[in-house]
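Chemist: The sequence and its predicted three-dimensional model are supplied below.
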Amino acid sequence: MKYLSKMLFAAVAVWLTLPMVAGKPKFQNFKVSTYIRAQDVARMDDEKFLKSTWEVVNSQVDLDKIYLETHRDAFTVPEKTMLKVKKFFLSKGLEVGGGITYTRSEPTDFETYSYARPDERQVVKEVAEYTAKLFDDFILDDFFFIDLKNDDEIAAKGAKSWTEYRLRLMADAGRELVVNPAKAVNPKVKVIVKYPNWYDHFHGLGFNLEEEPVYFDGIWTGTETRDPGSAQHLQNYLSYNVVRYFDNIAPGKNGGGWVDAGGIHMSMDRYAEQLHLTMLSKTPEIILWNYMQLCEVKITPQQRAKWQEAASSFNYDAMVAPYTRNGKTVTPTTLARYADVTLHQTDKLIGQLGRPIGLASYKPYHSSGEDFLQNYLGMIGLPMDMHPQFLADRQQILLTEQAAKDPQVVEKIKAQLKKGGDVIITTGLLKAIRSKIADICELYCGDLKAIVNDFGYSGKSEREFIIPQVKYFTNDAWEVVSAGRPLNGGVSGYPILLRDTYSKGTLFVLTIPDDYGNLYDFPAGALNIIRRAMSKDVGAYIEGPSKVSLFPYDNKTMVVENFNDEAVSIRVVVCAKVAAMRNLLTGEKLSPAQLPKMPPMWGRNRFFGYPDGASVFDVRIPAHSYVGLGY
């Protein structure tokens with residue numbers, strides 16, 4: 001008996017020396033994580049700082065995992081400190097991974113390492129080896145690119161373009177300096193590269209979306225959209241769209257989204273929307289960047305927007321009210337509370353949604369042109385599904401100027417049309433491939449512009465804006481939506497949506513304003529026709545103003561989100577007979593609206609009214625709010 005007691009005591013003693021395993025997941029449908037920068041990890045050698053910051057964060061947000069950064073801005077955290085901090089967070093029931101930021105100086109225009117210099121390449125390699133020794137998985141923060149044009153890089157580039165040089169340089173560096181050395185130290189380590197939100201410009205700085213996702217164990221997605229009016233023009237919809245694009249580049253390898261506190265100066269809603277949209281993509285994890293923001297970015301009354309009301313999806317008053325946690329009353333003080341409430345709320349919805357679907361859009365690897373346009377289209381209610389390949393199994397496909405990168409794009413268009421499918425091209429692509437597409441349809445989009453504000457039968461815009469003029473042969477192509485300016489009681493019209501036929505298929509041309517933001521100025525009548533024309537693969541669309549997005553899923557569910565500063569009334573059109581729709585969160589049932597009898601449709605008029613057998617549901621959505629629906 002004494003022997004058994006001693007054995008049991010010894011076993012308990014050993015168990016107490018081991019790090020605690022991760023606790024029960026806090027969320028049903030995804031993990032929530034955070035990330036600590038190297039300089040902040042180093043500060044946590046001070047136990048008082050370590051415990052006090054954890055108390056603030058842990059009292060306000062549920063976390064499943066934490067990533068501890070070993071290196072940033074030419075600084076590496078000592079191993080003793082790394083192990084101490086790692087042990088602390090393991091003892092709190094969290095999973096713990098590593099992180100690296102390969103910068104020499106972020107304040108100096110995000111200065112990266114110079115991968116043409118042997119000594120700096122050696123530093124990159126040693127940091128990867130050091131991190132792999134400490135962790136079984138680590139993420140490269142989104143600076144694994146090169147932005148230098150020093151004399152060494154100029155000499156190494158030679159006659160190549162900067163894009164050609166950097167794509168090859170960084171694809172090789174990732175394999176030779178990071179992944180292979182890390183796995184030599186720790187064969188089971190998973191090395192993940194996190195890509196930022198500016199995906200349309202990646203190739204110019206060496207992010208290689210064609211090669212890197214093949215040899216990295218995983219990728220991660222920057223879903224920060226912050227202020228849509230900032231220099232990067234990051235529209236709200238990008239927080240969803242970029243995850244879906246990376247999912248299609250590397251199926252099964254895209255580990256999660258990544259949102260920071262940028263944009264919270266506008267309102268609490270702007271931060272919450274980024275989190276919510278990231279999770280609508282059905283990504284398995286989100287990183288709240290970063291730990292110190294969760295601890296230090298304070299809640300202020302200025303974050304309560306003017307449109308806040310009891311019915312809002314993201315309710316400031318509810319989020320800042322005291323609550324009970326682990327038997328204690330907590331008064332929220334920081335950003336962490338916004339994240340916790342938003343993600344728990346979204347978690348209740350996500351499990352009811354199927355696989356995201358949308359209008360396929362072809363963006364070849366390393367392509368440019370009409371940059372980030374799909375995010376603007378998402379904001380006018382066209383659900384986007386971006387792919388690096390031309391999908392031949394869809395009824396419709398959208399091609400922007402990016403598709404001109406593919407020398408075979410016209411032959412692919414012909415094949416799609418010959419099988420009876422639709423191809424939607426933008427004016428940017430039409431201009432880029434004018435001579436090549438003439439074999440399908442003799443259209444022209446040059447340098448001529450038009451100032452428009454009147455969409456005739458489709459309504460009028462509140463402002464004038466500039467569009468490119470599309471020229472075509474009368475009765476060879478037909479205007480479905482037109483726009484111009486009032487002239488002696490009439491309209492001098494130019495195509496907004498143009499339709500032509502080829503073989504068994506239909507070619508549409510969508511006119512894109514010079515300022516993509518003017519898409520939001522299209523009147524609802526014009527948007528409704530455009531949405532209907534492009535809804536074949538989704539089987540549903542919405543009617544209403546711009547800045548309302550549709551997120552459809554393959555199990556007959558959808559989310560409709562209003563990004564306007566005021567409530568909107570919309571119609572959800574299901575292209576089939578449906579007895580009722582159900583609010584996924586409240587359980588409320590919606591009955592279909594009565595539809596007026598329409599006269600027979602022909603020509604361009606076929607896009608008016610509703611498809612045969614369609615069911616229509618009226619929905620009211622408060623400002624900066626969403627509704628989940630199923631049918």
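Modeler: Cool, got the structure.
Chemist: got the residue ranges for the helices in the stretch 101-250 of the chain?
Modeler: Taking DSSP state H, counting those that start in this stretch to define them, one finds helices in the stretch 101-250 of the chain at 118-134, 151-157, 162-173, 180-185, 202-205, 212-215, 238-249.
Chemist: Just say which of the ones you listed is most tucked in.
Modeler: helix 238-249 (a mean of 26; mean count of other C-beta atoms under 10 Å). All C-beta atoms are positioned from the backbone trio N, CA, C, and that covers glycine.
Chemist: Give me the next element, helix or strand, following that one.
Modeler: For helix 238-249, the following helix or strand on the C-terminal side (DSSP states H and E) is strand 254-259.
Chemist: Can you list the strands that that following strand pairs with?
Modeler: Strand 254-259 has these partner strands in its sheet, going by DSSP bridges: strand 218-222 (parallel), strand 285-289 (parallel).
Chemist: now the last one against helix 238-249, angle please.
Modeler: Inter-element angle recorded for strand 285-289 and helix 238-249: 130 degrees (by axes from the mean of the first three to the mean of the last three C-alpha atoms, to 10 degrees).
Chemist: for strand 285-289, the distance to its chain's centre please.
Modeler: Chain-centre distance of strand 285-289: 13 Å, with C-alpha atoms, centre = their mean, to the nearest Å.
Chemist: Identify the residues contacting that strand?
Modeler: 30-35, 61, 64-65, 67, 220, 223-224, 255-260, 275, 278-279, 294, 336, 339, 343 (C-beta atoms under 8 Å, 6 or more residues apart in numbering).
Chemist: How about residue 625, nearest residue that isn't a chain neighbour?
Modeler: Nearest non-adjacent residue to residue 625, counting by C-beta to C-beta, 6 or more residues apart in numbering: residue 313, 3.8 Å away.
Chemist: That neighbour contacts residue 628, doesn't it?
Modeler: No - using C-beta atoms under 8 Å as the test, residue 313 is too far from residue 628 to be in contact (10.2 Å).
Chemist: Poorly predicted segments of the stretch 201-350 of the chain, please.
Modeler: Scanning the stretch 201-350 of the chain for pLDDT under 70 picks out the ranges 310.
Chemist: if you set the cut-off to 80 instead, what comes out?
Modeler: Applying pLDDT under 80 to the stretch 201-350 of the chain flags the ranges 309-310.
Chemist: Likewise for the chain?
Modeler: In the chain, residues with pLDDT under 80: 1-25, 309-310, 486-492, 596-608.
Chemist: Residue 321: what's it in contact with?
Modeler: Taking C-beta under 8 Å, 6+ apart, one finds residue 332 in contact with residue 321.
Chemist: Give the buried residues for stretch 553-561.
Modeler: Of all the residues in stretch 553-561, those buried under the rule 16 or more other C-beta atoms under 10 Å are 553, 556-561.
Chemist: Off-centre distance for that stretch?
Modeler: Worked out by C-alpha atoms, centre = their mean, stretch 553-561 lies 17 Å from the chain centre.
Chemist: end to end, how far does that stretch reach?
Modeler: 14 Å (C-alpha to C-alpha, to the nearest Å).
Chemist: Equivalent analysis for stretch 196-203, please.
Modeler: End-to-end for stretch 196-203, by C-alpha to C-alpha: 12 Å.
Chemist: again with stretch 55-67
Modeler: With C-alpha to C-alpha, one end of stretch 55-67 sits 17 Å from the other.
Chemist: And stretch 468-479, by the same measure?
Modeler: 15 Å.
Chemist: So what's the gap between that stretch and the chain middle?
Modeler: The answer for stretch 468-479 is 35 Å, by C-alpha atoms, centre = their mean.
Chemist: do stretch 125-137 as well
Modeler: Relative to its chain's centre, stretch 125-137 lies at 29 Å (C-alpha atoms, centre = their mean).
Chemist: got a list of contacts for it?
Modeler: In contact with stretch 125-137 (C-beta under 8 Å, 6+ apart) are residues 68, 70-71, 76, 79, 82-83, 86, 96-100, 102, 138, 177-179, 181-186, 188-192, 217.
Chemist: Would you mind checking those residues for buried ones?
Modeler: Here, 16+ other C-beta under 10 Å leaves 68, 70-71, 76, 82, 86, 96-100, 102, 138, 177-179, 181-183, 186, 189-192, 217 buried among the contacts of stretch 125-137.
Chemist: Among those, which are located in strands?
Modeler: 68, 70-71, 76, 96-100, 138, 190-192 (DSSP state E).
Chemist: Please name the residues that touch the residue nearest to residue 625.
Modeler: Taking C-beta under 8 Å, 6+ apart, one finds 276, 345, 622, 624-626 in contact with residue 313.
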